[in-house]
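**Student:** A predicted structure for the sequence below; I have some questions about it.
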Amino acid sequence: QLRQDFYANVCPNVENIVKEAVTTKFLQTFTTVPATLRLFFHDCFVQGCDASVMIASTPNNEAEKDHPENLSLAGDGFDTVIKAKAAVDAVPGCTNQVSCADILAMATRDVIALSGGPSYAVELGRLDGLSSTSSSVGGKLPKPDFNLNQLNSMFSDNGISQIDMIALSAAHTLGFSHCDQFSNRLYNFSTSNKVDPTLNKTYAAQLMLQCPQKVDPEVAIDMDPSTPQEFDNVYFTNLQQGMGLFTSDQVLFTDDRSKPTIDTWASDTTAFEKAFVTAMTNLGRVGVKTGSQGNIRSDCSVFN
Ligand code: HEM
Ligand SMILES: [Ca+2]
Ligand SMILES: [Ca+2]
């Protein structure tokens, strides 16, 4: 039921309006890119791509965004959607016609292109969801210590294949992580190895400098040490060198079932970009709401 020209009659210029608002925000801060991309992922994996992640908590309802695993979602992602929504609603005819879920999908496409990644046509027609609870988040989002079976199982719960999961993981080609998400790999990996043996030695030493034990929990470091502000396939060449930040990144190279894909995309940007667009399109189809399952919110952070 999703289609690319969903708003052609009510708000034909919606894509340009969103792109302009996103570009303005991008020029103010680069964080717009990783923040929006991760927000889209965390939205789609909990109750589907329905902007449930945008809802603010109230005295009666602790919303998704206040679940511990969502507290590190950067505010600039939410702000990007809110600003784009305001720009859309300011255009006569478009007011209250475009869902927050679709604006997030378009904004995500735009930030990827702005940071050097592929551009693609976005499918539209998602409604905004009618519920958002912190208690629905647990067990729905992947953890950085996941192995390949755990990754495949969680993504397949959302109808996403291993190949799409690997392509989507390349989102870690930009953005930041807090030290506690991977410090076990540096200081207490296992009884026989304090440092994760799959971690490049030089990179491990660099990470220890950036993330000493008892570091300020606010400290965040680049996930791609080589090209942190470029959406590129360097994610895969990093993995080949033992420079994946999380276990869930590095395992894609150490597990023989996924290694061939890493090797292919490390040396073929075109093939990676094509796969990434397919994977993002599939991610955008997860749990889409239609009819009485949703509505179009007038304020993305509040139910109508
Ligand atoms: C494959 C399993 C995945 C795991 C285990 C995972 C885990 C994480 C973790 C732990 C962080 C750091 C959070 C922090 O400390 O602030 C992070 C950041 C990020 N993730 Fe993932 N992620 C996965 C997949 C994805 C996917 C599929 C996307 C998008 C398509 C994505 C996009 C991002 C982005 C852009 C950031 C940086 C956020 C920022 O700088 O604000 N991740 N991820
Ligand atoms: Ca959602
Ligand atoms: Ca990069």
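**Tutor:** Done, it's in. Numbering: from 1, shown residues only. Ligands and ions are numbered 1, 2, ... in the order given.
**Student:** residues near the residue of the stretch 151-300 of the chain found nearest ligand 2, how many?
**Tutor:** Closest residue of the stretch 151-300 of the chain to ligand 2, C-beta to the ion: Gly287 (7.0 Å). Just so you know, the C-beta spots here come from the backbone N, C-alpha and C atoms, and that holds for glycine as well. By other C-beta atoms under 10 Å, 18 other residues sit near Gly287.
**Student:** Identify the residues contacting the nearest residue to it once chain neighbours are set aside.
**Tutor:** If the residues on either side of it in the chain are set aside, Gly287 comes closest to Gly48, at 1.9 Å by C-beta to C-beta, 6 or more residues apart in numbering. For Gly48, the contact set (C-beta atoms under 8 Å, 6 or more residues apart in numbering) comprises Gly129, Val286, Gly287, Val288, Lys289.
**Student:** tell me the SS of the third one?
**Tutor:** Following DSSP: H, G, I helix; E, B strand; the rest coil, Gly287 is assigned to coil.
**Student:** circling back: show me the two of the contacts of Gly48 that sit farthest apart.
**Tutor:** Using C-beta to C-beta, the two most remote members of these are Gly129 and Val286, lying 12.1 Å apart.
**Student:** Same drill for those two, tell me which one is more crowded.
**Tutor:** Remark: of Gly129 and Val286, Gly129 carries more neighbours, 29 against 21, as counted by other C-beta under 10 Å.
**Student:** Check which helix or strand the residue nearest the centre of the chain maps to.
**Tutor:** With distances taken as C-alpha atoms, centre = their mean, Arg38 lies nearest the centre of the chain, 2.4 Å away. In this assignment (DSSP states H and E), Arg38 forms part of helix 32-44.
**Student:** Please export the C-alpha coordinates of that helix as PDB.
**Tutor:** Extracted C-alpha coordinates of helix 32-44, given in PDB (Å, rounded to 0.1, in the frame of the first residue of the first chain):
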ATOM      1  CA  THR A  32      21.600  15.800  12.200                       C
ATOM      2  CA  VAL A  33      22.700  12.900  10.000                       C
ATOM      3  CA  PRO A  34      23.500  10.100  12.400                       C
ATOM      4  CA  ALA A  35      20.700  11.300  14.800                       C
ATOM      5  CA  THR A  36      18.000  11.100  12.100                       C
ATOM      6  CA  LEU A  37      19.200   7.800  10.700                       C
ATOM      7  CA  ARG A  38      19.300   6.100  14.000                       C
ATOM      8  CA  LEU A  39      15.900   7.500  15.000                       C
ATOM      9  CA  PHE A  40      14.300   6.000  11.900                       C
ATOM     10  CA  PHE A  41      15.800   2.600  12.800                       C
ATOM     11  CA  HIS A  42      14.700   2.700  16.400                       C
ATOM     12  CA  ASP A  43      11.200   3.800  15.200                       C
ATOM     13  CA  CYS A  44      10.800   1.000  12.700                       C
END
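**Student:** That's all I had, so thanks and see you.
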